[in-house]
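Novice: Structure of the sequence below:
(2 chains)
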2 protein chains.
Amino acid sequence: MHELVNRILHGEKRAVARVLTLIENEDSEKPNLLSDLYPYAGRAHIIGVTGAPGAGKSTLVDQLIRLLRGFGLRVGVLAVDPSSPFTGGALLGDRVRMSAHSGDEGVYIRSMGSRGNLGGLGKASKDMLYVLEAYGCDAILLETVGVGQAELDVMSVADTVALVLTPGSGDAVQTAKAGIMEIADLFVLNKSDLPGATALLRELRLMISERLSHKEDWVPPVVSTTASDGEGLGELWSELVRHRTHLKEHGYWEQRRKQRFQEETLALVHQQFRDFVKRHIETDRQWQEVLQSETLNPYESAKQLLSTLPWLKN
Amino acid sequence: MHELVNRILHGEKRAVARVLTLIENEDSEKPNLLSDLYPYAGRAHIIGVTGAPGAGKSTLVDQLIRLLRGFGLRVGVLAVDPSSPFTGGALLGDRVRMSAHSGDEGVYIRSMGSRGNLGGLGKASKDMLYVLEAYGCDAILLETVGVGQAELDVMSVADTVALVLTPGSGDAVQTAKAGIMEIADLFVLNKSDLPGATALLRELRLMISERLSHKEDWVPPVVSTTASDGEGLGELWSELVRHRTHLKEHGYWEQRRKQRFQEETLALVHQQFRDFVKRHIETDRQWQEVLQSETLNPYESAKQLLSTLPWLKN
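Specialist: Have a look, this model is predicted:
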């Protein structure tokens, strides 16, 4: 076993930080690290928390951390912000948030910005979950901003997705995007002390009963919160636990872990093929000639390349 | 040659519509159609137009169509909205916009929403460009909403990317996302009659001179427009043409077409491998056993699957 993984399993917070950085940087050690981490995955409740900027996700997550620490649970937070601006705001916020828990072995918080590498964000954050799972987190809060493709991709690994909406933020339900409404297992009506909360609640309930297909035999509940003073947090946690129980009782919990394992396995197989293609582009004279040809007909050229890979026909 | 492609080459608008739909629906005819379409690609100036909702992109695109039709140029528009809401708004808008040009063979407008299939949007829209290119469009306006990963992916195929910003929409430059600022070849300061336009212009110029790396020896110009009354459209078109000339004179135009051809070729090769993997999952007993195993260690399982593909080592 990799020494750093051993140290993570023994609860060493600094080893968590080291390994997360190695994974984020696509270090050559990454495959070995992951291979050692995989066996410890699957126990944590992975909770996605998403919503528009300003919906109060960070405050909500902070309150959840406080609540769960009170129960003696170990909490991991992975905040993914594919749209982090020039200023590197995500990382600054990270440091401030971390320092509040710096002496607490039971909390690990990490933010990831895109740093211009949008494509890899989904994969990297999924890999980083394995570290927090091996660290023994009971719950992992996966916080994302917005509703883009990268966020949907990140959320696909969550057991429970909580969508945070606020009253007065325009017509929240109408402007919320189809994709994200449908992945929500739970709606959080945050800042529920603001005007318009009752109307939004009614609108949400109507939409849930009329429009949303209820996947996995689950009707998404709506929880009203005021994250700034902790109001409604207890109910939010109850509903999260109720969803986890639902998943376990109906076999979805197991099924989701199996699916994650299969996707991960096939991703590794596909990675091997990408490496194979890369090697051929770099070294195979025949491939280079086809790719440099002047015909510019991708279909004909692909046919020529594929003729050098007869096994793909089987 | 496919009959529909022949009809597109002869300028039949209905054939364009048919083939776009076949491509969007991943019809089994798609590979044959694309193979016949590829040879006619590469001549059109592909212009990306992106920016936040409400920035006035549609109005700007409509004015550009009017201008270009006045020059006798053939124009295609592909509007990609990965975040189209429940209502199918994109398609409704499409019909309204199309009807204004229904009698004009020189304009083709098509909108694409995600319809829950975020992942395939980038590829599908790239494939759809080939249809508009074969139709003989001189310019193709690729309109996207927002700044997510899907949009960045779509924009990667554009020769020139115009980012539309408006004054008073908060701090436009600060909130604009790093990735999208850097792919802009041209900034359009739209609604330039609104308060704050001068400040935004100053901010943009400062950012361009200090912060943005000038890729391909090009300093992105800023054009002020009021799309609603056509103000500044002439200058916008001049700058677009100036960029096209720049690309051609410095060899980037050719280079981009070659790169597009190579990416397309390799995408087809990768598609073949995905089909290969899919067949194995469906029919190969050994693969099925590994993927159903209880070990749940993706690394070990991938190793077992890869051992059945020894050629990947070469």
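
Novice: Low-confidence regions, chain A specifically.
Specialist: Of all residues in chain A, those with pLDDT under 70 make up the ranges A:82-99, A:113-121, A:146-151, A:169-180, A:212, A:314.

Novice: Might you report the residue contacts of residue A:127?
Specialist: A:23, A:30, A:34 (Cβ atoms under 8 Å, 6 or more residues apart in numbering or on different chains). Heads up, the C-betas are built off the backbone N, CA and C, glycines and all.

Novice: Strands - which of those land there?
Specialist: Judged by DSSP state E, strands contain none of the contacts of residue A:127.

Novice: Please indicate which of those residues are buried?
Specialist: A:23, A:30, A:34 (16 or more other Cβ atoms under 10 Å in any protein chain shown).

Novice: How about the contacts made by the second one?
Specialist: Contacts for residue A:30 (Cβ under 8 Å, 6+ apart) come out as A:22-23, A:127.

Novice: residue boundaries of the helices in the stretch 151-300 of chain A?
Specialist: A:172-175, A:178-183, A:197-210, A:233-249, A:252-283, A:285-291, A:298-306 (DSSP state H, counting those that start in this stretch).

Novice: Can I get those helices in a markdown table including distance to residue A:44 and mean neighbour count?
Specialist: A markdown table is the format used below for the helices of the stretch 151-300 of chain A (distance: least, Cβ to Cβ, whole Å; neighbours: other Cβ atoms under 10 Å in any protein chain shown):
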| stretch | distance to residue A:44 | mean neighbour count |
| --- | --- | --- |
| helix A:172-175 | 30 | 16 |
| helix A:178-183 | 19 | 19 |
| helix A:197-210 | 27 | 15 |
| helix A:233-249 | 10 | 16 |
| helix A:252-283 | 11 | 16 |
| helix A:285-291 | 44 | 15 |
| helix A:298-306 | 42 | 19 |
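
Novice: what would those helices look like in a markdown table with distance to residue A:122?
Specialist: Listed next are those as a markdown table, based on distance: least, Cβ to Cβ, whole Å:
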| stretch | distance to residue A:122 |
| --- | --- |
| helix A:172-175 | 24 |
| helix A:178-183 | 14 |
| helix A:197-210 | 27 |
| helix A:233-249 | 22 |
| helix A:252-283 | 10 |
| helix A:285-291 | 28 |
| helix A:298-306 | 27 |
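
Novice: Of those, which is nearest residue A:110?
Specialist: Closest approach to residue A:110 among the helices of the stretch 151-300 of chain A (Cβ to Cβ): helix A:252-283, 19.7 Å.

Novice: how distant is that closest one from the center of its chain?
Specialist: Here the centre of helix A:252-283 is set off from its chain's centre by 18 Å, with Cα atoms, centre = their mean, to the nearest Å.

Novice: quick check, that helix touching chain B?
Specialist: Yes - legend: contact between helix A:252-283 and chain B by Cβ under 8 Å from any Cβ of the partner chain is shown at A:257-258, A:261-262, A:264-270, A:272-274, A:276-277, A:281.

Novice: mind giving me a markdown table with the contacts of residue A:127 and columns for distance to residue A:203?
Specialist: Output for these, formatted as a markdown table (distance: Cβ to Cβ, whole Å):
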| residue | distance to residue A:203 |
| --- | --- |
| A:23 | 41 |
| A:30 | 45 |
| A:34 | 43 |
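
Novice: start to end distance for stretch A:186-203?
Specialist: 15 Å (Cα to Cα, to the nearest Å).

Novice: now what about it, what contacts it?
Specialist: By Cβ under 8 Å, 6+ apart, stretch A:186-203 touches A:51, A:55-56, A:60, A:160-168, A:172-173, A:204, A:208, A:220-228, A:231-232, A:236, A:239-240, A:243.

Novice: Now, those that are in strands?
Specialist: A:51, A:160-165, A:222-224.

Novice: Which stretches in the stretch 1-150 of chain A count as strands?
Specialist: Secondary structure of the stretch 1-150 of chain A by DSSP state E, counting those that start in this stretch: the strands cover A:45-51, A:75-81, A:107-113, A:139-145.

Novice: Please render the ones you listed as CSV that adds distance to chain B and mean neighbour count to the earlier fields.
Specialist: Formatted as CSV, these follow (distance: least, Cβ to the nearest Cβ, whole Å; neighbours: other Cβ atoms under 10 Å in any protein chain shown):
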stretch, distance to chain B, mean neighbour count
strand A:45-51, 13, 25
strand A:75-81, 10, 26
strand A:107-113, 9, 22
strand A:139-145, 11, 25
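
Novice: Could you export the ones you listed to a markdown table, including columns for distance to residue A:38?
Specialist: Listed next are the strands of the stretch 1-150 of chain A as a markdown table, based on distance: least, Cβ to Cβ, whole Å:
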| stretch | distance to residue A:38 |
| --- | --- |
| strand A:45-51 | 15 |
| strand A:75-81 | 17 |
| strand A:107-113 | 19 |
| strand A:139-145 | 16 |
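
Novice: Relative to residue B:79, which of those is closest?
Specialist: Nearest to residue B:79, of the strands of the stretch 1-150 of chain A and by Cβ to Cβ, is strand A:139-145 at 25.0 Å.

Novice: and which of the contacts of residue A:127 is nearest to residue A:300?
Specialist: Out of those, the member with the shortest distance to residue A:300 (by Cβ to Cβ) is residue A:30, at 37.6 Å.

Novice: I'd like the distance between the residue positioned nearest the centre of chain A and chain B.
Specialist: Residue closest to the average C-alpha location in chain A (Cα atoms, centre = their mean): residue A:154, at 3.5 Å. According to Cβ to the nearest Cβ, to the nearest Å, residue A:154 stands 11 Å off from chain B.

Novice: With residue A:249 instead?
Specialist: Taking Cβ to the nearest Cβ, one finds residue A:249 at 20 Å from chain B.

Novice: And residue A:304, by the same measure?
Specialist: In terms of Cβ to the nearest Cβ, residue A:304 sits 9 Å off from chain B.

Novice: Does that residue touch residue A:295 like I think?
Specialist: No - counting by Cβ atoms under 8 Å, residue A:304 sits too far from residue A:295 to count as a contact (9.6 Å).

Novice: Now, of the ones in strands among the contacts of stretch A:186-203, which are buried?
Specialist: For those, a burial check counting by 16+ other Cβ under 10 Å picks out A:51, A:160-165, A:222-224.

Novice: would you list those in JSON lines and tack on distance to residue B:182?
Specialist: Listed next are these as JSON lines, based on distance: Cβ to Cβ, whole Å:
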{"residue": "A:51", "distance to residue B:182": "27"}
{"residue": "A:160", "distance to residue B:182": "36"}
{"residue": "A:161", "distance to residue B:182": "31"}
{"residue": "A:162", "distance to residue B:182": "33"}
{"residue": "A:163", "distance to residue B:182": "30"}
{"residue": "A:164", "distance to residue B:182": "30"}
{"residue": "A:165", "distance to residue B:182": "32"}
{"residue": "A:222", "distance to residue B:182": "40"}
{"residue": "A:223", "distance to residue B:182": "40"}
{"residue": "A:224", "distance to residue B:182": "41"}
